[in-house]
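Participant: what follows is a predicted protein model with its sequence.
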Amino acid sequence: MARRALPTITTAFTVAAALLLAGCGGGDDASSGGIEGADTGSGSPSASASADSSGPDVSLSKDLKLDFDFAKPSDAKHAAALTSAENYLRALNHGFIKQDPDDPAYQYYSSGQAADYAKQQIQSWVKGGWTPVGTDKYYDEDITDLSSQRILVTFCRNQEKFYGKEIKTGKVLYTGKSLINYQKFSLAMGPASGSGSGSSQVWKTQIIQVQGKVKECQR
């Protein structure tokens with residue numbers, strides 16, 4: 001049985017255009033594809049990887065590792081936006097692990113369409129009865145200023161060793177090598193109000209777009 005992964009999101013707009021036209025408030029629904037995986041949280045959680053000490057718990061189970069192979073930006077805003085983008089993905093997986101579509105972690109790191117996307121994904125994992133295990137790799141980041149308060153963060157993903165596990169049976173849904181494992185993420189980021197400034201500032205993911213079968217991400 002094939003592993004079920006985070007689905008590809010197909011939108012009629014680019015993230016950058018959506019930011020400029022909608023002011024990052026986006027309420028567009030992300031389309032859901034086949035998805036699988038989620039965790040009961042029975043494993044011993046790893047230490048929280050959140051760089052925001054006042055933020056929610058985004059710790060993961062011992063069976064799951066998110067590997068962010070990113071260089072730390074010299075620009076403080078870029079560094080903060082990239083860290084928050086990482087924490088959005090940690091929060092998404094934290095919701096899978098906790099089996100909670102209303103998990104406060106993703107709500108802290110997202111708003112608008114990106115928050116709707118996270119909730120839909122968690123609901124799908126809960127319905128399917130799956131838990132994420134393995135190693136999920138992210139790399140080849142690019143950070144672009146769209147305005148003084150709008151940043152676009154893009155990066156590649158290799159989910160070749162990221163698997164779903166059936167909670168009831170413990171069966172891991174392995175899959176082989178395929179172009180489907182390579183995706184490109186585009187996250188539209190905006191600063192959270194009252195979250196400080198500089199590299200410690202929290203940025204919310206407001207729009208997310210995921211492209212599937214991206215050959216340029218193969219490596």
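Facilitator: Looks like it came in fine.

Participant: the chain: strands as residue ranges?
Facilitator: For the chain, the strands identified by DSSP state E occupy 64-69, 130-147, 150-166, 172-173, 182-191, 203-211, in order along the chain.

Participant: for the longest one, name the packing helices and strands.
Facilitator: The criterion is 3 or more C-beta pairs under 8 Å, 6 or more residues apart in numbering; DSSP states H and E, and the helices and strands that strand 130-147 contacts are helix 15-22, strand 64-69, helix 76-98, strand 150-166. For the C-beta atoms, the positions are set from N, CA and C on the backbone; glycine is no exception.

Participant: now these in a markdown table, with mean pLDDT?
Facilitator: Supplementary listing: the helices and strands packed on strand 130-147 in a markdown table, determined by pLDDT from 0 to 100:
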| stretch | mean pLDDT |
| --- | --- |
| helix 15-22 | 46 |
| strand 64-69 | 98 |
| helix 76-98 | 97 |
| strand 150-166 | 96 |
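
Participant: most tightly surrounded among those?
Facilitator: Among the helices and strands packed on strand 130-147, judged by mean count of other C-beta atoms under 10 Å, the one packed with the most neighbours on average is helix 76-98 (a mean of 25).

Participant: specify the beta-bridge partners of residue 131.
Facilitator: In this structure, residue 131 has the following beta-bridge partners (DSSP bridges): residue 165.

Participant: returning to that earlier point: and residue 118, which of the helices and strands packed on strand 130-147 is closest to it?
Facilitator: Nearest to residue 118, of all the helices and strands packed on strand 130-147, is helix 76-98, at 5.1 Å by C-beta to C-beta.

Participant: show me what that closest one is packed against.
Facilitator: Contacts defined by 3+ C-beta pairs under 8 Å, 6+ apart place helix 76-98 against strand 64-69, helix 104-109, helix 112-128, strand 130-147, strand 150-166, strand 182-191, strand 203-211.

Participant: just put the ones you listed in CSV and tack on distance to residue 87.
Facilitator: Shown next, in CSV, are the helices and strands packed on helix 76-98 (distance: least, C-beta to C-beta, whole Å):
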stretch, distance to residue 87
strand 64-69, 10
helix 104-109, 5
helix 112-128, 12
strand 130-147, 12
strand 150-166, 12
strand 182-191, 11
strand 203-211, 9
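
Participant: no further queries at this time; thank you.
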